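Colleague: pasted the sequence and its predicted model underneath.
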Amino acid sequence: MEQIAHMTAHDLGSMLISSETGLEPVTEQWVRDVVRLFDGEMTCCRLNHHGKDICDKETLVVPLLGVWFVLRSWMDRKPTGDDNLEAPPGAQLVYRLMRDQMDSVFPPTFQFNTKAGFEERELFGSLIEHLESHLHVLMSDSDVALRSEEVLRTPRASLRSCDSNEREEDADVIQM
């Protein structure tokens, strides 16, 4: 998730991967794989969710939905002439790669594994369809549009200082 957020605000040239031969530039293929973060098995899954009622995948739904909303609002934004806010190259790349793999990036369900077996659980369900059908209404709310643009321009340290009430309100907006 951190790589997706970073790439959204920057570009391919701002990230390097450590390999046996040293540091290597991030490739588009690497980003294509990273945006499908639910394809992988998380540590909690490998441990059969021992002592956990929730999978780490479930905790990533709201943050990833928030990134998608910001990307969609940024890409669909109509310039007003008073500004020149263009999405960074990284945001354009992440948007395209996510859009081209919607089913893998936002799976409706996932398998929650335990020692007793598997249980199919909802992950994104119909949240993406719901968001898409209401996006124009949300974006016509200048408060929501402004806040999504502010997030894209806000330094990381400032975001850390947001209190939990604001984050809960943001989650409510995303969940509609």
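Modeller: Perfect, thanks for sending it.
Colleague: which ones are touching H49?
Modeller: H49 makes contacts with 55, 112-114, as judged by CB atoms under 8 Å, 6 or more residues apart in numbering. Yep, even glycine has a C-beta here, placed from its N, CA and C like the rest.
Colleague: try it again at 6 Å.
Modeller: By CB atoms under 6 Å, 6 or more residues apart in numbering, the contact list for H49 reads T114.
Colleague: what about it, which SS state?
Modeller: coil (DSSP: H, G, I helix; E, B strand; the rest coil).
Colleague: now it. Its backbone dihedrals?
Modeller: Per-residue torsions, H49: phi 50, psi 30 (degrees, to the nearest 10).
Colleague: and it, what pLDDT?
Modeller: What the model reports for H49 is a pLDDT of 90.
Colleague: any idea how far D39 is from it?
Modeller: H49 sits 18 Å away from D39, going by CB to CB, to the nearest Å.
Colleague: swap in T59?
Modeller: In terms of CB to CB, T59 sits 17 Å off from D39.
Colleague: tell me which residues of the helix or strand V67 falls within are tucked away?
Modeller: Per DSSP states H and E: V67 is located in helix 61-75. Neighbour counts using 16 or more other CB atoms under 10 Å place 61-74 of helix 61-75 among the buried residues.
Colleague: where does pLDDT dip in this protein?
Modeller: For the chain, the stretches with pLDDT under 70 are 78-85, 139-176.
Colleague: so which residue of it lies furthest out from the middle?
Modeller: Most distant from the centre of the chain: A116, at 31.3 Å, with distances by CA atoms, centre = their mean.
Colleague: that residue and D53, how far apart?
Modeller: A116 sits 14 Å away from D53, going by CB to CB.
Colleague: just give me the residue closest to the centre of this protein.
Modeller: Centrality entry for the chain: nearest residue to the mean C-alpha point is L64, 2.6 Å, by CA atoms, centre = their mean.
Colleague: can you show me the helices along this protein?
Modeller: Remark: helices assigned in the chain by DSSP state H are 2-9, 28-34, 43-46, 56-59, 61-75, 89-99, 102-105, 127-140, 142-153, 156-160, 164-175.
Colleague: tell me which other helices or strands the fourth one touches.
Modeller: Read it as helix 56-59. Where contact means 3 or more CB pairs under 6 Å, 6 or more residues apart in numbering; DSSP states H and E, helix 56-59 is not packed against any helix or strand.
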